[in-house]
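1. Build me a model from this:
(2 chains)
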There are 2 protein chains.
Amino acid sequence: MIQFESLFKISYGLYIVCSGTKKHGNGYICNTFSQVTAEPAQFAVCCNKNNYTAEFINQSQAFSVSVLQQDTNPKLFGTFGYKSGRETNKIAGLNLTYGNTGVPIVQDDSIAYFECKVINTIDLGTHLMFIGTLVQAVNLNDDAEPLTYDYYRKIKKGITPKNAPSYIDKSKFETNENTSSSTKKYRCAACGYIYDDSKESLPFEELPDTWICPACGSEKADFIKIS
Amino acid sequence: MIQFESLFKISYGLYIVCSGTKKHGNGYICNTFSQVTAEPAQFAVCCNKNNYTAEFINQSQAFSVSVLQQDTNPKLFGTFGYKSGRETNKIAGLNLTYGNTGVPIVQDDSIAYFECKVINTIDLGTHLMFIGTLVQAVNLNDDAEPLTYDYYRKIKKGITPKNAPSYIDKSKFETNENTSSSTKKYRCAACGYIYDDSKESLPFEELPDTWICPACGSEKADFIKIS
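-> As a prediction, the model looks like this:
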C-alpha cells in the first residue's frame, strides 16, 4: 500500500543551495539537506540532474547552503524554485558573500549558512546526491525561526517544484475536493498556487494590483482563471 | 569559521528505524531520513556502523521508518535512543506490524510508516547511508503533528545520542553559562538530560518518585546530583 499523503509527515527545512564562482553562479531551492556524520562533519544534498546548479557543483566540487527564515520573501521561491538559471541570472542583485572555495552564498532571508567541499557524488537516477565536508558554518540570525517545508506547504500554501525529490503528481491523491464548485479559482502560472475565492476573505478580482503570489512572488497578472 | 550553533538551524524529523525479522529485530531513533527522488520514490537513512540495527539492515536489505508524533512517550527515546539492542530486546511489548519484507514496524506513537528495500549502501566513515525504494507508505494518524528535532531539543529538552550524525561534543560550544551557580543540578545517567532547580517550578528533591526523565523516560533514581 502506498498512501502518498503519508509522505508529508516527513520533516524538512528549506534552503537555497548555490554553486559556481564570483563570475558565474547559480542556485536552487532544496528541502533535502542534512548532516550525515558528526566526525568529520559531513553533509548531503540532493539535486535534480536537470538543475543548472548541478553543472556548477560538478565543476567546482563545492556548494553553499543558506537556511531560509520562516517569513522569507516569496520572490526568492519564485526565482530559485520555479525559474531556470539557464534563462535568468538568479543571484543578480542579491546580498551575496563568497566562500573559501569561491562559491556564492545567498544571505537574503538567511539565518545561517554552510559551505561544503564535495567528496562523493552518488547517482540516484533523476537526482545526484552530493556528500560534502564542512568548510564553513556561520550563524546569521538567532531571532528568526528556520522555515520548514511543512510551514511552507500549510501556512504559505507553497507548491513543490517538479524537480524536487518530494514532488508528488497530484493525480496520485485520492481527493474529495468538490470540483463542481461554483466559486472562482485562479492559478499562478509560475508555481501552480491556487487562489480560491471561497477560502479567502477577499475575492481575487478585488485584490490590489500590487498583490503578489504568496508562494512564489509572481504578479497578480500572472494568475489564470481556472473555474 | 565553524559556528556549531548554526547546525541547529537544520530541520529534521524524528523517526524509529527498524529492521530484522519476526523472530529477531531491532531499531534506533533517527533524525536523518528523507526522500531523495520522486520517480521512483527513493529514501535515504543514515545509521551509525556501531548500531545493532545496521547489522539487521545489512542482512535483510530492508528497513522500516515510523514517524513519531509530537507528544511521543519519552520511554521510546530512552529505549531506542540510549540503549543497545545487544543488551535488551527493544521492540518487545510494542505494538508492531510486519512489512512485506518481514521487517518489524513500530506503531506506538507513530503517525505514518514507510517500508523500504535497500538498493544501495554508501559508506560515510562512521555511518552507513542506506538508499531504499518504497515498498509501503501508510498513514496512521492525521490528528497529531510529526515530532521535529527542533521541538524535541527546545520543548522536550532532549539530548542528542552520541551515535547520531548530528551529535555535537559540548566542548565545541562557546558558553556563557554561569558554572559557579549555587543552584542544584541533576543529570540523567541514561541520556544526559539536566534538571536545573533554578529553571524549574519544583526543586528536584520535591518531585514525586513516579516522575520520569522528560527526554528518555528514565526513573528519578537514575539522576545524579552534579552541583
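2. tell me the contacts of A:Leu94?
-> Taking Cβ atoms under 8 Å, 6 or more residues apart in numbering or on different chains, we find A:Leu94 in contact with A:Val106, A:Gln107, A:Asp108. Where you see a C-beta, it was placed from the backbone N, CA and C, and this is true even at glycine.
3. Which of those fall in strands?
-> Counted as lying in strands by DSSP state E, out of the contacts of A:Leu94, are A:Val106.
4. Spatially central residue for chain A, please.
-> Among the residues of chain A, A:Ile29 comes closest to the average C-alpha position under Cα atoms, centre = their mean, at 2.7 Å.
5. how close does that residue sit to A:Lys83?
-> According to Cβ to Cβ, to the nearest Å, A:Ile29 stands 10 Å off from A:Lys83.
6. and what of A:Gly13?
-> 21 Å.
7. out of the two, which sits in the busier spot?
-> A direct count of neighbours by other Cβ atoms under 10 Å in any protein chain shown for A:Gly13 and A:Lys83 places A:Gly13 higher, at 25 against 16.
8. pretty sure that one contacts A:Tyr149?
-> Yes. Shown here, A:Gly13 and A:Tyr149 form a contact pair, counting by Cβ atoms under 8 Å, at 6.9 Å.
9. quick one: low-confidence parts of chain A?
-> Low-confidence segments of chain A (pLDDT under 70): A:170-181.
10. mind redoing it with 50?
-> For chain A, residues meeting the criterion pLDDT under 50 lie at A:175-180.
11. And the strands in it?
-> Applying DSSP E to chain A gives strands spanning A:15-20, A:25-30, A:33-37, A:42-48, A:62-68, A:96-98, A:104-106, A:110-123, A:127-139, A:185-188, A:194-196, A:223-225.
12. packing partners for the first one?
-> Secondary structure elements in contact with strand A:15-20, counted by 3 or more Cβ pairs under 8 Å, 6 or more residues apart in numbering or on different chains; DSSP states H and E, are strand A:25-30, helix A:52-60, strand A:62-68, strand A:104-106.
13. what residues are up against A:Tyr82?
-> Contacts of A:Tyr82 (Cβ under 8 Å, 6+ apart): A:Pro161, A:Ala190, A:Cys191, A:Cys216.
14. Please tell me how far A:Ile10 sits from A:Ser110.
-> From A:Ile10 to A:Ser110 the distance is 23 Å (Cβ to Cβ).
15. Repeat that for A:Ser6.
-> Counting by Cβ to Cβ - A:Ser6 and A:Ser110 are separated by 31 Å.
16. neighbour-wise, which of the two wins?
-> A:Ser110 (25 against 20).
17. which residues touch the more buried one?
-> A:Ser110 neighbours (Cβ under 8 Å, 6+ apart): A:Ile16, A:Ser66, A:Val67, A:Leu68, A:Gln69, A:Leu140, A:Asn141.
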